[in-house]
Each structure stands twice: as structure tokens, then as C-alpha cells.
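S.K.: sequence and predicted structure, then a few things I'm wondering about:
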Number of protein chains: 2
Amino acid sequence: MAENIPNGSPESVNIIDGPTNPMVTPILTDLYQFTMAYAYWKAGKHNERAVFDLYFRRNPFGGEYTIFAGLEECIKFIASFKLTEDEIAFIRSSLPPSCEDGFYEYLRGLDCSDIEIYSVSEGSVVFPKVPLMRIEGPIAVVQLLETPFVNLTNYASLVTTNAARHRFVAGRSKMLLEFGLRRAQGPDGGISASKYCYMGGFDATSNVAAGKLFGIPLRGTHSHAFVSSFLSPDEIIDKSLQHHDGSSVCEDFVSLVQTWLNKLKWSHLLGGIFSETNQSELAAFASYALAFPGSFLALVDTYDVMRSGLPNFCAVALALNDLGYKAVGIRLDSGDLAYQSCEARKFFCAIEKEFGLLGFGKTSITASNDLNEETLDALNKQGHEVDAFGIGTHLVTCYAQAALGVVFKLVEINNQPRIKLSEDVSKVSIPCKKRCYRLYGKEGYPLVDIMTGENEPSPKVGERILCRHPFSESKRAYVVPQHVEELLKCFWPGNSDKIREDLPPLKEIRERCIEQLDQMRPDHMRRLNPTPYKVSVSAKLYDFIHFLWLNEAPVGELQ
Amino acid sequence: MAENIPNGSPESVNIIDGPTNPMVTPILTDLYQFTMAYAYWKAGKHNERAVFDLYFRRNPFGGEYTIFAGLEECIKFIASFKLTEDEIAFIRSSLPPSCEDGFYEYLRGLDCSDIEIYSVSEGSVVFPKVPLMRIEGPIAVVQLLETPFVNLTNYASLVTTNAARHRFVAGRSKMLLEFGLRRAQGPDGGISASKYCYMGGFDATSNVAAGKLFGIPLRGTHSHAFVSSFLSPDEIIDKSLQHHDGSSVCEDFVSLVQTWLNKLKWSHLLGGIFSETNQSELAAFASYALAFPGSFLALVDTYDVMRSGLPNFCAVALALNDLGYKAVGIRLDSGDLAYQSCEARKFFCAIEKEFGLLGFGKTSITASNDLNEETLDALNKQGHEVDAFGIGTHLVTCYAQAALGVVFKLVEINNQPRIKLSEDVSKVSIPCKKRCYRLYGKEGYPLVDIMTGENEPSPKVGERILCRHPFSESKRAYVVPQHVEELLKCFWPGNSDKIREDLPPLKEIRERCIEQLDQMRPDHMRRLNPTPYKVSVSAKLYDFIHFLWLNEAPVGELQ
């Protein structure tokens, strides 16, 4: 529960729960945040007002966009930020005995009531260098937020982006199911993955805990083990199934299935592609249909898709149809998914024709088995009949690129702008407390993001503004925006009198994400050689960055 | 706390805590485990005795070995396995309304008291196809364990292996620090990473929560932000520092530092590599030394390592030395780490010589910045003077291969062996409830792992036994073992009268891991083209696998 309700009376503020994972506490951080806190405290510097930017340097997966995610968990974290006595005792035992007692008193009183957080809305399309969050407050406290904030946004943004990229390749009409829990990096990796894949455009998850925590639709039927756990249809004791409309009871559903299997076997139209189907598989399918007559979906590749799984499925589906139930479909989990899906579709259509079963040709085909962006793309090129994709390992572990480089850099202290230099220009930080805007062009697409100093006038619709590359002198452009969007909004006002933005529900964030992706110019989105989106600074900020840079960097001496 | 203490009176059994992450509950599983449970229950099959193997198919990171990890968390999970009313209500809301009430009654009574778990010891070197765990019990219950067990062992084994590989390249004498929390895949990804990297041979972590939970040594000093948060030494108010032996107080430590900086500047031996060092950096170092005089370690690359960070560090270190303190060292976090470490070492040695400071040349050098196996190897080849490595992103996200393919397959039900076929031979499962042995040769190295049927006589020291490749007819060898080790031990006896193996503390598991790695023949361990370790089955099991395979696979018909 929220410990530090900032600014205003309780009735004006919604209660904010703690983080989803109870392991997210103030000690889920690097030790150096506490050694620094002590050094700040010892130097009497701990309450100096600092501004940090949270941002990343490069888009993942060879793309030119990223989705920002993890904000809600960060806000929940600071809303409940409070060190327990037990945690303080542990910190004391981890620091040298020479550290003074007053510091632990200080830690005891620590909360986030004096922190201000400005952030891009969760689920937004974002770009390198532009702050995703700006965190202001007493330097010792803000530093303590670094590791948890980076942890909570890094993977969240990465996997949301990965999900969005999978959605992009799969197309809007396909059903996308996240099946990654077992391969995720730890239990929370699985739970976060389910949340953020949904945010990035997936339709459902297999993860029951995530369904319960976040209200994500759940999907799942049975595994290969279920199929091979049956030996023969004789095992099935209760073979009765009531008609869907309740009008009658079929006393021997298994016989009805066998009858249909025979009809299929002798049908000329189906071309006799099988002679003997696997009986343990048939038993498993019939048994599953008896348990779930209204939602029968079978995994058909345990023995052989075309010679066993598919005809067995159809026999059960046709028997169900006799009793007023509509089978949902099949899942393919190995082999050539493009070929098998096309063959399965043909088979379904042939049955529709042969037995006059309207709609049977449209029986749903789900594919799984180590899918990723590449394989989805290859399936598209080859042609396939898959309606739904179950994606696990590659999606949730972000196999193609397992980490995003979100960083957290000091940009101002006591109103003094600060810069972090590096021999690698891409690692030089952009100093100053900044404002960030997205400028839109005539066609409605975002054109460029621009950062300005805190006190510069904001860009105005219809007014020409010079946008400069932050580090490359010659890269600049005049822009006349048709629409200006301020990117950083106040999500935690601290002691300021700003209004706190609400944390929208997951479904709404998901919609924002889908909408924002739709709004992007297509050349930024394509998989092959996408055009980089432009990120810029105002002329004034440009000059200041370079002044500060030369001021801080030592001049070399050649000898 | 343990809900299901199996077998025996409470006094004979140690209490087992719940899983580290409280989010690990029985609903942290795939929905299909519950739909299958219902189908098993509906078919009256739910109590049929099933045997599942948990294993993986391929070693990660292009290597030929894997470390098994995650067992303790699995045992903790089943020890506290119990569905809450709230969870049961959620499951009910996720299944079709037609599912019968009796099923939820059944779920209410469910626990793991009738489950038996046999497992390889945690921290063991393991190989593909050989079961890491064998899980026996009522099929519906064992299925519910699939997803959490795979989740808890998959990443655990992967990241432990990754840590062991990093240790192998770095060599025994180097200090290895895990710094990955901020880039880990979710909070738990970070906590698991810290635990398992320690298990795999790392020395310490930056993650405070992991230090508290698992007793792992903690390390950490300060960041770039700490350095740039200072503007000048004038900021430091309290400049006094007591001599280490308490004999006197230096009233102006900062002046002492400035004095040393001047001496360094004018020293001929040091070659005048700098003129003006950054004053905010000097202030930060002095301030940090005032807070931690006994453990001064400075990050020296905020502005310029050779022209600023290194001389500033040395000035502070020499001032500390005057007061009886020994500085720990520096950290390098960018640029050419090999070159910088060698230059820094030269500088330290020159100071030792110039000022007669015995041991200063050995001042510790820590390197960080996107390190991985490859860069460690490259540093070795180039020559470097680094004493400790801080490794984050690549280590904890297992960037080189972000997932291990641990699977969970049915091998027997009601004493009937089961096989899972696949067009891909490597995906065919090895049927039967099995025993597994490691056979050691004359030189003390493990030679081969062999799987046999449950009731076959075990291999005996000095007796020749035929070891066959499970699928490749012509690959076989006679082995006369000098030592035979049974791999699967009972960690959860259920209702059997077996003795339960204790869960050793993390430190002991870590030692086992290091010992086991040492015991391997070097050619299995090398990074380039390692020799695959042999995994085999007994002649009897070989014949049975192939009999069952032909029995289950449909015969094709060419038309």
C-alpha cells in the first residue's frame, strides 16, 4: 500500500498499490547506491536537489523504435518506498563499522515524498537519447531509485517492443498467444513477460498467475504428455455426452468417433491419406472432448500430423458436431508449419464439402514451436493457413537481443547542469533539466522529437523551429509543426503543486501502444533498413552542451 | 512454510521454507496444466501413476557441459504446494462453466505428499538427454509441476553455466563480481542471477537483496553520477580525518590531497602525463575517501582516465596512506581496458618506486563495461593488469544464448513406458523409468553417463559394460568403470520409505560446482571445438526404445 501519498488530501489521490512482485523493495538495488548515500550524507550533500534522466542509447532488434514500459511498477515502487528495520540492520552489517549511526537514523526516515517524477506515458513509442523519465529530488534518494527503476523499465520496454515487432510481422488479423513462462528468466521474468507482451499487442497468455494479476485473457488446452498418457479408447469409462442443447444424451461418444473415423478413411475426396491412426491419440482426443465439448482444440503432432493427428481430430470434431458442438481447431507444434497448415486447411475444406458441414473449412489452426520474428516472416513469404501463433522462448527471453541499455544519468545538481563525458560520443549525456516535445507534420506523422532547456519557450504550432542533432554540427533542420505534444508528464508530484497523472489500466496502455505504432510513418517501422527517426535539441541547448563539454574535458598535450 | 511434510515424523525432517519469490505459487503455471488436470479427473485418470523426466537437449553457449541448478527452489515449491481458495476461484472462472464442481473439491485437497522426486545434486555438471530430475506421482499433480519446475531450473541452469564459463576464461586468481541487477529480465531475473552466478563461481554481487537473501558477499563503491555531482573541493565542509590508529586528526584532508597532487604533477618519474586534473572529480574522490577511508576504491573514467582519474585517485590514496589507510584500488568502466590497466599498473609501480611506498604497485584494478566471455578472452590474449572483473548485462541475461531448452516429458504411466516421437530424432524422448550413472575412468575423469531401465543391475566397478548411443546404431563402446556414481538421488520421497537427501547451503553447492568442473577432462571444457561428453543407454534399454518407437510410429504408404 502507498506509504507516501504526495501532495494533497487523501480524497484527491487514488490509492496506489505496491509493486506486483513483493521482492521489489528499496534493497533491490546495488550496494553502491547505499555507499554513495552514506558518502553524500557524510558530506552533508544528501539533500542537494538533483535531476536524473532515464533513457536508452540504441533501439533494440535492429529496429528504429522502442516501446516504453514499466512506469506503473516504478510509481508503485516509490509509492511504497520505505526501508524496514530488518533491511536497515542488513545495510548496517554490509557497510564498514566506521559508518556513523546518524546515517541509519536518516535511512529510517527516508521516503519518496520529496521526489518528482516526469515521464513519457507508458506504452508510448520512444527513441534513443530522449528522456523516458526525469527524476528530481534529494540526490541520495534519487540515487537509491536508479537500480530498481532501470531494472523495472529495461526488460519491460525490451519485451514490449519485442511483442510489438512480432505483432507487426504477424499482421493484425492473427491471434497471438504468449506461451513463454517455462523458458522465461525466472518466475518474475515470466510474469513480466506476460504483462508486457499483452501491452505490446499480444491477445492472450498461457500464464495463469499473470491472468489473475493483470486480467489478461488465458489460453491453453493440452500437451504431448496428455496424448501419450492414454493407451487406448478402452480406457475411457464414462463415454456419455449430452447434446449441446440438452435435448438428448449420446451414450457412447467413443463409438460415434470411431464411426466418423471410418467414414473419413473410406472417403474418396480425402484421398485416403491414412490407414491406421494412433489409438492412444484417438483416446486422448475423445477424452479431452468429453471434458471440454464446447472448446475442443487438439495438439495433432504427437505421432504424425497427416497420418494420425489430423484425421483423429476431424473424427472427434465431426462427432461433436453431431451433438451440436463446434470444435475450435488444431495446434501444430513441429515440422514444416507452412506446409502442414496448408494441408490441414485443404483437409478441413474437403470435409466441409464431403459432409456438407458449413464452416468446417475455417476450423482454426494454431502453430507453435520456437517461433520468432524471422520464422513468422518466412511463413508469410511461403504462404500459410495459420490463424493463431503461440510464441514462447524467443519472445519472452528477447533471444535476438536479451537486454536494452537503459541508463540513469545525472543532468543537473543544485541548478548546475552536469555532463558525463566519454570517448564514445554516443555515451556523452545530454545535460540540463529538459523539456521534450514530439513535433507532428502535415500528414499526421511524428516528424522529430526535440529537447529544450527547462525554461525555453515551447515549440508552437505553425512556428518554424530549428532542430539540431545533439552532437553532429552539420545535421539540422527547420520544422514547422502542425501539432506539438509535450512528452514528459508529471506522474509523481512530490511536494510540488503539479497534478499527478493517473496510472491507466493495462488495457488502456495496450490500446495507446497499438495506436501509437499505427501513427508512425511506415519507413520507420519496416524490418529491413528502417529509417531512423530524428531526435534533436534546440539551438540554445546545442550551444550549451558543447560549451559544457569543452569546459569539463581536459585539453590534451601532445609530446 | 512446508505444508506437505512427506514420509516420517516431523522430528526426522528439516523444515523447508517456501520458494524465495512469493510469486511462485501453484498458479504460476500454464493454463493447459489445469485443463489437462480437469480432463484427467473427468476421465477418472488423475491418480494414475506417471513418471516424467526433466532434461535438456543441447548444451548452451556452444559448449559441451551445463551446470544443473534450481533444485532447491523446486523442492521448496512442492513443500509448500497448496492452492488457496482465491486461486481455486480464479481457476474456476478461467475454465468453462460446464466443468463439474467435484473438480474444484479435488483441487482443494491437492498437495505433493504423494509425489516422489529423484534428482541430480544441484551444482553438478550435467549433459543432454540424461534426466536431471525424475518426477513420479499422480499424473494430474505431476503435470501441474511441469511449468514451475521448468521455469525454476531453466534459467537457473543457464545462468550458472554462463557464470562457470566466465570463471573458466577469467581464471581462478581473478575476482569476479556480478553487477547485473539493472539489466536483468525483471526483479526476480536479477535476484536469481545473483544467486546462480555465485553458485557458478562468482565471488560477489552488487545486489543488496540477494546479499540479504542468500548471504552472498556484496561489493560496490560509487558511480559516474557521484563524481559529477561535485563541483569543486570547496564544497567539502568537514575536511577532517582521524588517523587510522586513532593517534591524531588531520584537520584538512583536502589540502593534504592537493599537496600530493602537486608532488605527482612535478615528479619526473611519472613523466608528467597530466597538467590539470578535473576538480569536481578530485572533490568526489576526497569526499568518498572521507566517508570510507578504509575501503577507498574510485571509478576513474568520468572525465579522462590517464589525465585526470588516475592522478586524482593516487593523490587521494597517498594522502590516505599518510594517515595509515591503504586505498583499495580503481575501477575502469570504458575505453581500452587492456591498455588502461597496463598504464595504470605502470603508474602505480612508478609511485611505489618514487615515494618508496611498498605494495602500492599492487593496487587493485577492477574493470567493467559490457564484459563477456569473448572480451575476457580477448583481454587475456592482449595482456592486461586487471585483478577483478565486474560483469553485468551479458552474464545475467545470458546474452549469447538467452534460453536453455529444458523439457519435461512423460516416460511411463501405470508402469507402461511411453515415448514421444518426432520427425527430428533429437526430439524423440527416451522412454521408461530409468536409473542414471556416471562412469569414471582410470585417470579419475568421468568417461560416460549411462541410462538403464529401473530394474537392470547397476554397473559395477571393474566390470565391462556396453554403452550404446540412444539413437545411433553404430555408436557403442565397452567401458570398465573405475568408479560408478548413481546420479539421481531422492530429494522428495513422497509416500515411499526412501531417505530424503538434505538441501545443502548455497556455499556448499558452489563448492560442489567448482569441484565438479575441475574434475572434467580438459578437452570437454575448452572454448574452441570442445569434445562432446558421451551419453549412452544400456543395451537392453536401447533395444526397448527402438521396439517402442516402431510400435508407435505409423507405417508410411507411398502412392
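M.R.: Perfect, I can see it now. Numbers count the residues shown, from 1 in each chain, chains lettered A, B, ... in the order given.
S.K.: burial check on residue A:274, number of neighbours?
M.R.: Look at residue A:274: counted by other C-beta atoms under 10 Å in any protein chain shown, it has 20 neighbours. Heads up, the C-betas are built off the backbone N, CA and C, glycines and all.
S.K.: residue A:245 contacts residue A:324, doesn't it?
M.R.: Yes - using C-beta atoms under 8 Å, residue A:245 makes contact with residue A:324 at a distance of 5.5 Å.
S.K.: more neighbours, these two?
M.R.: Neighbour comparison, residue A:245 and residue A:324: the larger count goes to residue A:324, with 15 against 8 (by other C-beta under 10 Å).
S.K.: for that one, which three-state class applies?
M.R.: The three-state assignment at residue A:324 reads coil, by DSSP: H, G, I helix; E, B strand; the rest coil.
S.K.: how close does residue A:322 get to chain B?
M.R.: 18 Å (C-beta to the nearest C-beta, to the nearest Å).
S.K.: next: residue A:501.
M.R.: From residue A:501 to chain B the distance is 24 Å (C-beta to the nearest C-beta).
S.K.: check contacts around that residue.
M.R.: A:121, A:489, A:490, A:491 (C-beta atoms under 8 Å, 6 or more residues apart in numbering or on different chains).
S.K.: buried subset of the residues you listed?
M.R.: The neighbour count (16 or more other C-beta atoms under 10 Å in any protein chain shown) marks A:121, A:490, A:491 as buried among the contacts of residue A:501.
S.K.: wait, which of those residues is closest to residue A:355?
M.R.: Taking C-beta to C-beta as the measure, residue A:355 lies nearest residue A:121 of the buried ones among the contacts of residue A:501, at 52.6 Å.
S.K.: correct me if wrong: residue A:43 contacts residue B:285.
M.R.: No - counting by C-beta under 8 Å, residue A:43 does not reach residue B:285; the two are 11.9 Å apart.
S.K.: pLDDT of the longest helix seen in chain A, averaged?
M.R.: In chain A, ranked by residue count with DSSP state H as the criterion, the top helix is helix A:139-170. For helix A:139-170, the per-residue pLDDT values average out at 97.
S.K.: so what's the gap between that helix and the chain middle?
M.R.: In terms of C-alpha atoms, centre = their mean, to the nearest Å, the centre of helix A:139-170 is found 9 Å from the chain centre.
S.K.: that one: which residues count as buried?
M.R.: A:139-170.
S.K.: quick one: neighbours of residue A:447, just the number.
M.R.: Neighbours of residue A:447 (other C-beta under 10 Å): 22.
S.K.: in what helix or strand does residue A:135 lie?
M.R.: strand A:133-138 (DSSP states H and E).
S.K.: centre of the chain to that strand, how far?
M.R.: Distance, centroid of strand A:133-138 to centroid of chain: 25 Å (C-alpha atoms, centre = their mean).
S.K.: neighbours around residue A:355, how many?
M.R.: 16.
S.K.: for it, give its distance to residue A:319.
M.R.: 12 Å (C-beta to C-beta, to the nearest Å).
S.K.: likewise residue A:44?
M.R.: As for residue A:44, its distance to residue A:319 is 81 Å (criterion: C-beta to C-beta).
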